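> below are the sequence and a predicted model; questions follow.
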Amino acid sequence: MKNIFNIRRLSVGMLSGMVAAGLLIVPAAKAAVSDADFNALKEAVRQLNQEVQSLRQTNALVQQVHEQDVQQMQQMQTKLVETQQTAQDAAQKSAEATQATLLRQPLDEATVNHNFQILGDAEIQYVNADKQNGAFTMADFAPIFLYRGGDNILFESGFDFGVQNNATNGGGYTTTLNLSFAQLDYVMNDYMTFCGGLILLPLGTYSERTAGWLNKMPDDPLAIDLIPGSGVGAELRGGIALGESGSVLSYGIYGVNGPGSSDGTGNASALDVNGNVGVTSDGSTQNLHRDPVGGGRVGLFMPFKPHYDFEVGVSALSGQWVNNHTYTAGVLDGAVHLGPNIEVKGEYILDSYGSDDMGTVSQHGWWTQAGYKLAGLDFDLPIINDTELVGRYDSYHDGLGTVTQRWTAGYIYYITSAFLFEGDYEFIHSSDITQPKTQLILQLSYGF
């Protein structure tokens, strides 16, 4: 705007100078100028004066508009400042009112920071074994309920609703309902948590971390049946950081009711490692063992860089079970991750128990499992990138002469990160002639 004013002032000055020069020239050349020429010059001067006057009026109008614009901008800026101040005052008053209301209300520890969630998984499974008819043998729904009752109090429980199809053996369907775990957790400090109830036992890592749809195989390793997965009792567990590298030394110490007798008669030859919760949903009675067994686990986790880590743990359980006989179990577990696409894990499991008629029976078994995600091949193919190849070897020695070995090859197709289509083909070598030699298992799993 300032440049426009300067240009217009320069134009007015130039016109004024031209007029003055014309007036000076006119007297000197008066004798040589005719009346027509003089009148023409006079008319030109008159027109120049009109133009100068018009320019002055335009300049005055532009100046007036500019001043009005500046005034309006100042008024808008003033209103903006007033509005911002009003908003800040309102926010401050609202915060003060809210704080005053909270101060007047007593805190209820039972509802502070409470939270409730439902997680879990569901599966449907198809089995075709060489000595049986192919059929959909299982449908399962396993919800997990999580509740947080404060900063330090947690409660978690899991149920297992299942339908077993026994048509392959001519038995029809069986519906089951089991309480898998139900425990109250109290965080005592950064290094220790108390757990009580029907707790998942840290006897190895399979029961806590791999069971259900988290397992990369549709069925469990054979040797898992040698040890209890849960028990009624109490536990102290936690972890201690080792330096700043991310390494952690974890521990768990517990006392729970021990194994029972599978026939419910107190017969110390019919061991049931999970028979410590009384009557099951199918009506069978288990011995609720009154002499608790004790155990624990110590584990070391060491990360090297993102997606590269190693973990090893050792755990044991020992105590009396029926008729003052002893039961002892131990597990050595390990897991390795070599990047985001390679995982290897496994466990060696052993146990021994005393019986009325067979003396001490010693059992053992082990399993190792590996998985490779084909996304590591860096192919730009959706089906390939969403597939993981898995393999497993496991064995089982029951201590009574039966030995079973199994080789399994399979895959996981990730429809989504939580919706899986799994399949495996098993080659089974067993001294038990009722066991199939080959078996195909297909499973659709969803975790939520």
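Noted; the coordinates are in hand.

> for residue 37, grab phi and psi.
Listed backbone geometry of residue 37 is phi -70, psi -40, with angles given as degrees, to the nearest 10.

> how close does it sit to residue 68?
Residue 37 sits at a distance of 47 Å from residue 68 (criterion: C-beta to C-beta, to the nearest Å). C-beta coordinates here come from the backbone N, C-alpha and C atoms, glycine included.

> what helix or strand is residue 390 on?
strand 387-397 (DSSP states H and E).

> convert that strand to PDB, retaining C-alpha atoms only.
What follows is strand 387-397, C-alpha atoms only, in PDB (Å, rounded to 0.1, in the frame of the first residue of the first chain):
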ATOM      1  CA  THR A 387       2.200 -68.900   6.200                       C
ATOM      2  CA  GLU A 388       4.400 -70.400   8.900                       C
ATOM      3  CA  LEU A 389       5.900 -73.900   8.700                       C
ATOM      4  CA  VAL A 390       6.200 -75.900  11.900                       C
ATOM      5  CA  GLY A 391       7.700 -79.200  13.000                       C
ATOM      6  CA  ARG A 392       7.800 -81.100  16.200                       C
ATOM      7  CA  TYR A 393       9.300 -84.300  17.700                       C
ATOM      8  CA  ASP A 394       8.000 -85.700  21.000                       C
ATOM      9  CA  SER A 395       8.300 -88.900  22.900                       C
ATOM     10  CA  TYR A 396       6.600 -90.500  25.900                       C
ATOM     11  CA  HIS A 397       7.700 -93.300  28.300                       C
END
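
> list the strands paired with the helix or strand that that strand is followed by, with their directions.
Using DSSP H and E, the helix or strand that follows strand 387-397 in sequence is strand 403-414. In the sheet, strand 403-414 lines up against strand 387-397 (antiparallel), strand 419-430 (antiparallel) (DSSP bridges).

> how about these, which one is nearest residue 119?
Among the strands paired with strand 403-414, the nearest to residue 119 by C-beta to C-beta is strand 419-430 (14.9 Å).

> just the mean pLDDT for the closest one, thanks.
Strand 419-430 shows a mean pLDDT of 95.

> quick one, whatever helix or strand comes next after it and strand 419-430 angle?
Using DSSP H and E, the helix or strand that follows strand 419-430 towards the C-terminus is strand 438-447. If you take axes from the mean of the first three to the mean of the last three C-alpha atoms, to 10 degrees, strand 438-447 sits at 150 degrees to strand 419-430.

> what residues does strand 438-447 touch?
With contacts defined as C-beta atoms under 8 Å, 6 or more residues apart in numbering, strand 438-447 is touched by 119-130, 134, 213-214, 218-219, 418-428.

> poorly predicted segments of this protein, please.
Counting by pLDDT under 70, the chain has low-confidence residues at 1-33, 52, 59-62, 65, 70, 77, 79-114, 166-172, 262-270, 275-291.

> go again with 80.
In the prediction, the chain carries residues with pLDDT under 80 at positions 1-114, 131-132, 164-173, 210-213, 258, 260-291, 321-324, 356-357.

> per-domain residue ranges of it.
Listed domain ranges for the chain are 2-104, 117-447 (source: automatic domain parsing).

> pick the most deeply packed of those domains.
Among the domains of the chain, domain 117-447 has the highest mean neighbour count (mean count of other C-beta atoms under 10 Å), at a mean of 17.

> end to end on that domain, go ahead and measure it.
Distances were taken as C-alpha to C-alpha, to the nearest Å; on that basis the terminal residues of domain 117-447 are 14 Å apart.

> how distant is it from the center of its chain?
In terms of C-alpha atoms, centre = their mean, to the nearest Å, the centre of domain 117-447 is set 21 Å apart from its chain centre.

> how about the helices in the protein?
2-28, 35-104, 206-209, 382-385 (DSSP state H).

> so which elements touch the longest strand anywhere in the chain?
In terms of residue count, the longest strand belonging to the chain (DSSP state E) is strand 173-189. If contacts are counted by 3 or more C-beta pairs under 8 Å, 6 or more residues apart in numbering; DSSP states H and E, strand 173-189 sits against strand 153-165, strand 192-200.

> please save the CA atoms from it in CSV.
Extracted C-alpha coordinates of strand 173-189, given in CSV (Å, rounded to 0.1, in the frame of the first residue of the first chain):
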residue,chain,number,x,y,z
TYR,A,173,-20.9,-86.5,21.8
THR,A,174,-19.8,-85.5,25.2
THR,A,175,-20.2,-81.9,26.6
THR,A,176,-17.7,-80.7,29.2
LEU,A,177,-17.3,-77.7,31.4
ASN,A,178,-14.1,-77.2,33.4
LEU,A,179,-12.6,-74.4,35.4
SER,A,180,-9.1,-74.1,34.1
PHE,A,181,-7.8,-71.6,36.6
ALA,A,182,-9.1,-68.9,38.9
GLN,A,183,-6.6,-66.9,40.9
LEU,A,184,-6.3,-63.7,42.8
ASP,A,185,-3.1,-61.7,42.3
TYR,A,186,-1.8,-59.1,44.7
VAL,A,187,1.2,-57.1,43.6
MET,A,188,3.3,-56.7,46.7
ASN,A,189,6.1,-54.7,45.1
